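K.L.:
I'll drop the sequence and a predicted model, then ask my questions.
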Amino acid sequence: MDRILDPVAAIGRAVIALLRGTGAIALFAAEAISHLVRPPFYGRLFLKAFIEIAWFSLPVVALTAVFTGMVLALQSYTGFARFNAEGAVANVVVLSITRELGPVLAGLMVAGRIGAAFAAEIGTMRVTDQIDALSTLSTNPMKYLVAPRLLAGTLALPLLVIVADTLGVMGGWLIGTQQLGFGSGAYLKATFDFLQVADVVSGLIKAAVFGFVIALMGCWSGYHSGGGAQGVGRATTSAVVASSILILALDYVLTAVLFSR
């Protein structure tokens, strides 16, 4: 009987731990958000985090978007050529980039860079007692460390996605005109005729949610790290893995909500 119940008990413990962790992260996020609407606001720290995310993540996001657009154009052309539908390449590229690939790939790139950076920075402060020192100096660590980063992540990633969308479409245009034989004017006309404002807006909404999640998981993992250098290492890994999984899961949820009709 025990052999039958042991797996059930293990599953129950895992579910309870998952719910406990989800609740703790939700309370952590709610507390950080509450500090955004209450003074003081540390504008210098927000600006520093915003530049770190938006400016220094730009090269990796731009390269990812350009090559994704180029590959997408090549693969679309190869598939559509079987049905004599090569003219739909521009439509597929712009729709895929703006709705899905732009926000998701930008989010994953930023998660790998910024999520780990936030977790390592705050985790180091935790294990060296600098966070406790902030409390001793009557500075709320949530307001000082977490709230500015959450706001910066939420605002910076949509800007990166705008750049990613533009460069991804231009990557497809480059391959389409230089390698696949499309006319430049015809390709761009097909792109802009097919593109709708809702496609771009949906991608930006996803980007804002992804940016919030990346900053949240980076701050959460670092804030609750412990155990010295190994603990900080585990926190950075946890931040990147959790952010990446949540981005992919939330992408499905947001797609279902935004395009359910």
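P.N.:
That came through, no problem.

K.L.:
where does the protein dip in pLDDT?
P.N.:
Applying pLDDT under 70 to the chain flags the ranges 1-5, 261.

K.L.:
please redo it, this time with the cut-off set to 50
P.N.:
Across the chain, nothing is flagged by pLDDT under 50.

K.L.:
what's the longest helix in it?
P.N.:
Identified as the longest helix of the chain according to DSSP state H is helix 2-36.

K.L.:
Identify each buried residue in whatever helix or strand comes next after that helix, please.
P.N.:
Next along the chain after helix 2-36, taking DSSP states H and E as the criterion, comes helix 43-54. Using 16 or more other CB atoms under 10 Å as the test for burial, helix 43-54 gives 45-46, 49-50, 52-54. All C-beta spots, glycine's among them, are computed from the backbone N, C-alpha and C.

K.L.:
Using CSV, write out every CA atom in helix 43-54.
P.N.:
Output in CSV follows, covering the C-alpha atoms of helix 43-54 (Å, rounded to 0.1, in the frame of the first residue of the first chain):
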residue,chain,number,x,y,z
GLY,A,43,14.7,57.7,-10.6
ARG,A,44,18.5,57.3,-10.9
LEU,A,45,18.2,53.6,-10.3
PHE,A,46,15.3,53.3,-12.7
LEU,A,47,17.3,55.1,-15.4
LYS,A,48,20.4,52.9,-14.8
ALA,A,49,18.3,49.7,-15.1
PHE,A,50,16.5,51.0,-18.1
ILE,A,51,19.7,51.8,-20.0
GLU,A,52,21.1,48.4,-19.0
ILE,A,53,18.1,46.6,-20.5
ALA,A,54,17.2,48.8,-23.5
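
K.L.:
Not counting its own residues, what contacts the helix or strand following it?
P.N.:
Note on helix 43-54: by DSSP H and E, the next helix or strand toward the C-terminus is helix 58-80. Contact with helix 58-80 is made by 86-89, 92-93, 96-97, 101-102, 105-106, 109-110, 113, 160, 163-165, 167-176, 179-180, as judged by CB atoms under 8 Å, 6 or more residues apart in numbering.

K.L.:
other SSEs contacting whatever helix or strand comes next after helix 58-80?
P.N.:
Beyond helix 58-80 in the direction of the C-terminus, DSSP H and E gives the next helix or strand as helix 89-96. Counting contacts by 3 or more CB pairs under 8 Å, 6 or more residues apart in numbering; DSSP states H and E, helix 89-96 packs against helix 58-80, helix 147-178, helix 184-194.

K.L.:
I114 contacts I53, correct?
P.N.:
Yes. Using CB atoms under 8 Å, I114 makes contact with I53 at a distance of 5.3 Å.

K.L.:
how much space between D129 and L246?
P.N.:
D129 sits 30 Å away from L246, going by CB to CB, to the nearest Å.
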